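A.B. asks: Just to be clear, the model below is a prediction. Sequence and coordinates:
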Amino acid sequence: MAPGLRMVRVAEHRDESRSVKTMRFQGRMEARPGQFVMVWVPGVDEFPMSLSHTGERFGITYQVLGDGTKALSKLTEGDVVGIRGPFGRGFSEAGKRLLVVAGGVGIAPTAPLVEAATKAGKEVHLVLGAKSAEELVFEKRCAESGARVHVSTDDGSKGYAGFATGLASSLLEKDAFDAVYTCGPERMITTMMGICKERRLPMQASVERIMKCGIGVCDSCALDGKHVCTDGPVFGLDELERFKELGKTRLDRTGRKTGI
Amino acid sequence: MAPGLRMVRVAEHRDESRSVKTMRFQGRMEARPGQFVMVWVPGVDEFPMSLSHTGERFGITYQVLGDGTKALSKLTEGDVVGIRGPFGRGFSEAGKRLLVVAGGVGIAPTAPLVEAATKAGKEVHLVLGAKSAEELVFEKRCAESGARVHVSTDDGSKGYAGFATGLASSLLEKDAFDAVYTCGPERMITTMMGICKERRLPMQASVERIMKCGIGVCDSCALDGKHVCTDGPVFGLDELERFKELGKTRLDRTGRKTGI
Amino acid sequence: MAMADLGVDLCGLRLRNPTMLASGVLDETAGTMVEVARAGAGAVVTKSVGRSPREGHANPCVVELEVGLLNAMGLPNPGIEYFSEEVKAVKREGVTVVGSVIGGSEDELAEVAALMAAAGADAVELNLSCPHAKGLGTEIGSTPEDVERVCRRVRDVVKVPLFAKLTPNTSSISNLAKAAERGGADAVVAINTLKGMAISPEAGMPVLANRFGGLSGPAIRPVGVRCVYEIYDAVEIPIMGVGGISTGRDALEYIMAGASAVQVGTAVWTRGPAVFKSICEDVSRFMDEYGYSKVGDMVGVAHGTRP
Amino acid sequence: MAMADLGVDLCGLRLRNPTMLASGVLDETAGTMVEVARAGAGAVVTKSVGRSPREGHANPCVVELEVGLLNAMGLPNPGIEYFSEEVKAVKREGVTVVGSVIGGSEDELAEVAALMAAAGADAVELNLSCPHAKGLGTEIGSTPEDVERVCRRVRDVVKVPLFAKLTPNTSSISNLAKAAERGGADAVVAINTLKGMAISPEAGMPVLANRFGGLSGPAIRPVGVRCVYEIYDAVEIPIMGVGGISTGRDALEYIMAGASAVQVGTAVWTRGPAVFKSICEDVSRFMDEYGYSKVGDMVGVAHGTRP
Ligand SMILES: Cc1cc2nc3c(=O)[nH]c(=O)nc-3n(C[C@H](O)[C@H](O)[C@H](O)COP(=O)(O)OP(=O)(O)OC[C@H]3O[C@@H](n4cnc5c(N)ncnc54)[C@H](O)[C@@H]3O)c2cc1C
Ligand SMILES: Cc1cc2nc3c(=O)[nH]c(=O)nc-3n(C[C@H](O)[C@H](O)[C@H](O)COP(=O)(O)OP(=O)(O)OC[C@H]3O[C@@H](n4cnc5c(N)ncnc54)[C@H](O)[C@@H]3O)c2cc1C
Ligand SMILES: Cc1cc2nc3c(=O)[nH]c(=O)nc-3n(C[C@H](O)[C@H](O)[C@H](O)COP(=O)(O)O)c2cc1C
Ligand SMILES: Cc1cc2nc3c(=O)[nH]c(=O)nc-3n(C[C@H](O)[C@H](O)[C@H](O)COP(=O)(O)O)c2cc1C
Ligand code: FES
Ligand code: FES
């Protein structure tokens, strides 16, 4: 029973794109790629964020959406936020040639994966998808780590024109991979599931659900009897396929299933 | 904050003399010679007892006095008692030639000291005092450990006739010792203090006071601002000399000083 | 090799073991409740459900402490109409379900309780004790008069066993228990969380969005055991013990204090759903070693009234 | 390098720092109280003392838990006549002493309080909240009416500051605090221990000879902080926070909830008398880092009412 809440100071706050920012914190946090933390903006809200940076000056990379992330985006160096975690199971690397498919801010948890895998001597191909060229995040970071970065944009302003899944599909067509890792919109995940199932490829995806406790007691992140906060957020293909709700429904804050 | 109470089964219960018994328990307890435990006889009382045996099948050696020890004396193999501890600071061995002076059941904490010291290659002389020959406890045990055992009885029924302090004094007269260790009636301790002070000999003694908590919160074992349960029960000569109350008064269960 | 019988009869319900999932922990969806039952719980108590959907309090709604958990979920629930389907789904898997209900008045509670029973709940538990939701929980269960009136009102409309879950945030929980008994409850459940707060000095404010929350886990076990012990002396109806149970020894404390069954909440956080199996194994081993053949033989023995 | 001022003015008493030794822990003899003050406590509260000597409850009187301590000392004390000499001895060493008193009636309390003041105590603390001694403590402090009457009676005979120590074993501690204020108390102290019990399954009985005891230590901190927070909203007089404080952060929680000073009991077990110095160092470091120059500036800030 570890005391969970840790108050940390912002060490650095940087724009990654028009709507995506990275916040680094003073201090260390060891975590596996894919694990997340609960971030408390005092007086405003607490919400889940994947760790985009682990170890010393750990950090998060987030999209400014509603009240919580807006308040977060206003903080500057030296301000204090609360952190609980790291929580959940992260990605587990398997095989030698990996294909990582990240859509939008889905690069947050996958960038540390790309770095860890290249460092471990694996051949990593990253499909980095975004709406447009200006929204691409961590392209340079991942390329520098040694991964082959394949860019896709919905509007065709850079790289492959279309969805990341389309580009991923054609890469899988051309080359043999040992495993696929993905994080992004749920439709992207379900599309990749179809592709990987067909090819009998191991796959892991990071899934999002409403999180309140983050520690497996409140049931708000339930997904067919499993919990995104403790059993996930990363699930393997077998588990993903067993989820009848995936891509279809999610619980709202009252616990009712609602369409995605 | 360790959970203190441990319920253990009696492994063996043996008479050492008419009024002294040894109770061994199932399980282990590591402790330094001189440390004590609080022994709970369920439904009756809880009281302090020095460990006369440490390690596997740890145990206590006690005099049957009032309700608590009487109830304890009725227990048999397999019965359950509660143990808290080990508590307090034990003896610390210094020097090569040690004189241990034990009066009555004062041999309980000193027997493990004798064993540890002989095992460590020290030359140990033990003055074992009792009222009469039948009351001598652990004479064989200590002799077998390699210590020179000098017996004294008040009634002269065995060994030196008179108090243990008299015999100790004459041994100190004849031979050079590096340190003196003692446990027994408080008068015996104060007598040994005088002898050791005169000879400028380091000395340690184990002291008794009413114990309620055993863990340094209730103040019932206070001795001039120190606490027998946490600072003691073993004190060095310097500390002992600073105690104005030693040999004169002790606190009763209400916290009033009463004559000894 | 003796073989202790862990089965328990509770107001006519036959449980395969005396452990139950406590209300509010992993019990808002059917899928989860079934998983927990599979992991070993003898029964599950549902999340407390009211007439209409509730979002609960804003985040942060939990504070992890070294001694337990502080929560202010704020009774989020999908409302009884929606939740009835979850109850049915759990029942279809053969799990014993106790439906926990909340309401802002005795009429509302009666209405929800009746719907909960109609959905198939094996028993109904009245949450008269949540310390952190305005107008609900404690606010309608803090005096013996309230407790008695509410129990009586719900008793009228519910045939299945009726449990009243009581608050320890009172000067006399046994008076509340006596009131529940008078009001017709078949059993009492003790305890709900202790009202508490955690403050972040760095932020200079309470951590929970709701400021106040309920303390659960190891911290409250001595209080819970004391409450059950007091209640056992005050009423004839069975007691379910809850609060800080995470091992067999913890469960045995409650049982010997007077509980016929126990509920486990926070330990699911620290030990996972496997905690139920582990508690049962511990209890069974203890019974074999100390010569108890039935759980019932241990109930209340700490009162010196060994049957 | 800023230098935070740890000094505190409490009802006219000037304390060099906001930490005090809580009543009942290492404070039955003058020698010990002086040692604790030397180790860093800003003041010491004595063991609760009554008119006549009391032996207290039989052993076992403490149960060590992972989350705190359960005790049923039973208010052993040598009686005020004898104890007056201890108070004088402590005063001779220049230590600030708060004399805690108990009594079975308001007249008895008034008599003992007057003698305590006459012995030289800098303030008198009324223990209206011990949960485990028949006829004393909680039994005369469980209703607002009792608290007000007792405070008023003692106020009449005591000139030094008067503190009322309240029980958390109630549905509303702020009502008790308001009653103390009406009765003329200069400050309230919250909280005393929570009523609890520990049972040994192997022995099949409660461990404490008195069966019931008081829970203290980390387990009760969230409850204590909540109580102080509630009281701060209810009264104008200062509050002393107590319950589970063992670090500077713990003390800060209480201070920000509304406490002007804090008391430390159980942590003396786990951390020794050096705990006072360590708490003060932590608090001082925090104040430097977060820009507070006086302890008073932090009092109650968690209410959003930063002065
Ligand atoms: C495991 C996990 C990891 C995540 N990692 C990242 C990340 O690295 N970067 C990033 O930008 N976003 C991440 N998210 C999503 C992020 O939590 C939400 O975008 C954020 O909470 C929005 O909060 P808000 O107050 O700004 O917006 P709001 O207006 O409150 O909400 C906007 C949307 O965000 C989602 N959301 C809000 N609150 C929560 C909550 N408590 N739990 C889950 N989802 C919520 C809902 O879908 C909601 O519709 C992650 C979510 C999960 C579950
Ligand atoms: C550190 C320490 C180690 C001890 N080791 C031993 C030992 O190894 N063997 C042994 O025989 N005795 C030992 N004693 C003494 C032993 O605790 C008492 O003899 C025992 O408590 C008597 O209990 P009773 O109920 O039988 O008698 P009672 O009739 O209750 O008391 C008889 C006398 O024992 C003493 N006593 C009683 N209760 C306590 C208490 N809670 N704390 C301290 N003294 C008490 C008092 O002097 C009392 O007058 C030790 C005492 C201390 C403080
Ligand atoms: C996160 C959480 C949510 C809870 N929600 C409810 C609830 O909805 N209804 C209820 O009666 N009790 C609720 N409780 C209280 C528990 O059922 C239980 O009484 C309490 O937590 C003590 O048990 P524990 O220490 O085993 O957790 C909740 C407790 C927790 C920790
Ligand atoms: C061993 C022990 C004895 C106590 N005796 C008294 C007492 O005599 N009078 C009193 O008002 N409070 C007494 N208390 C309560 C403490 O003063 C304090 O209110 C409580 O322990 C909570 O603080 P803590 O968690 O820092 O110990 C006692 C507590 C303990 C642990
Ligand atoms: S967020 Fe509460 S169970 Fe997952
Ligand atoms: S026995 Fe309580 S302080 Fe020593």
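C.D. replies: Structure received. Ligands and ions are numbered 1, 2, ... in the order given.
A.B. asks: how many neighbours does the closest residue to C:Pro201 other than its chain neighbours have?
C.D. replies: Using C-beta to C-beta, 6 or more residues apart in numbering or on different chains and skipping the chain neighbours, the partner closest in space to C:Pro201 is D:Leu252 (3.8 Å). To be clear about C-beta, it is placed using only N, CA and C from the backbone, and glycine gets the same treatment. Neighbour count for D:Leu252, taken as other C-beta atoms under 10 Å in any protein chain shown: 29.
A.B. asks: Pretty sure C:Ala203 is one of the things D:Leu252 touches, is it not?
C.D. replies: No. With contact defined as C-beta atoms under 8 Å, D:Leu252 does not reach C:Ala203; the gap is 11.2 Å.
A.B. asks: before we move on, back to that, residues touching the residue nearest to C:Pro201, list them.
C.D. replies: Shown in contact with D:Leu252 (C-beta atoms under 8 Å, 6 or more residues apart in numbering or on different chains): C:199, C:201, D:283, D:286, D:298.
A.B. asks: Run a quick neighbour tally on the residue nearest to A:Arg28 when sequence neighbours are not counted.
C.D. replies: With sequence-adjacent residues excluded and distances taken as C-beta to C-beta, 6+ apart, A:Arg28 is closest to A:Glu56, at 5.1 Å. Using other C-beta under 10 Å, A:Glu56 is surrounded by 13 other residues.
A.B. asks: ditto for A:Lys248
C.D. replies: A count of neighbours around A:Lys248, defined by other C-beta under 10 Å, yields 12.
A.B. asks: likewise C:Arg54?
C.D. replies: If you count neighbours by other C-beta under 10 Å, C:Arg54 ends up with 22.
A.B. asks: who does it bridge with?
C.D. replies: C:Arg54 has the following beta-bridge partners by DSSP bridges: C:Asn77.
A.B. asks: now the helices for chain C?
C.D. replies: For chain C, the helices defined by DSSP state H cover C:30-38, C:80-92, C:106-118, C:144-157, C:173-182, C:221-234, C:248-257, C:267-271, C:275-290.
A.B. asks: do the same with chain A
C.D. replies: Ranges of helices in chain A, per DSSP H, are A:67-74, A:107-119, A:139-144, A:164-174, A:186-198, A:237-242.
A.B. asks: Might you enumerate the residues of chain C proximal to ligand 1?
C.D. replies: Residues of chain C found near ligand 1 (C-beta under 6 Å from any ligand atom) are C:Asn59.
A.B. asks: any idea which residue of chain C is furthest from its center?
C.D. replies: Distance from the C-alpha centroid of chain C peaks at C:Glu202, with 34.8 Å (C-alpha atoms, centre = their mean).
A.B. asks: separation between it and D:Tyr292?
C.D. replies: 12 Å (C-beta to C-beta, to the nearest Å).
A.B. asks: cool, and A:Ala222?
C.D. replies: For A:Ala222, the distance to D:Tyr292 equals 43 Å [C-beta to C-beta].
A.B. asks: Pick out whichever of those two has more residues nearby.
C.D. replies: The neighbour count for A:Ala222 versus D:Tyr292, taken as other C-beta under 10 Å, is higher for A:Ala222 (28 against 22).
A.B. asks: show me where pLDDT drops low in the chain?
C.D. replies: Picking chain A for this. Low-confidence segments of chain A, defined by pLDDT under 70: A:1-3.
A.B. asks: Hmm, no, I was thinking of chain C.
C.D. replies: Residue ranges of chain C with pLDDT under 70: C:1-2, C:130-139, C:305-307.
A.B. asks: Off-centre distance for stretch C:105-114?
C.D. replies: How far stretch C:105-114 lies from its chain's middle: 19 Å, per C-alpha atoms, centre = their mean, to the nearest Å.
A.B. asks: Flag every buried residue along that stretch.
C.D. replies: Judged by neighbour count using 16 or more other C-beta atoms under 10 Å in any protein chain shown, the buried positions of stretch C:105-114 are C:106, C:108-114.
A.B. asks: burial count for A:Gly216?
C.D. replies: A count of neighbours around A:Gly216, defined by other C-beta under 10 Å, yields 22.
A.B. asks: sorry, that was for A:Gly90
C.D. replies: 25.
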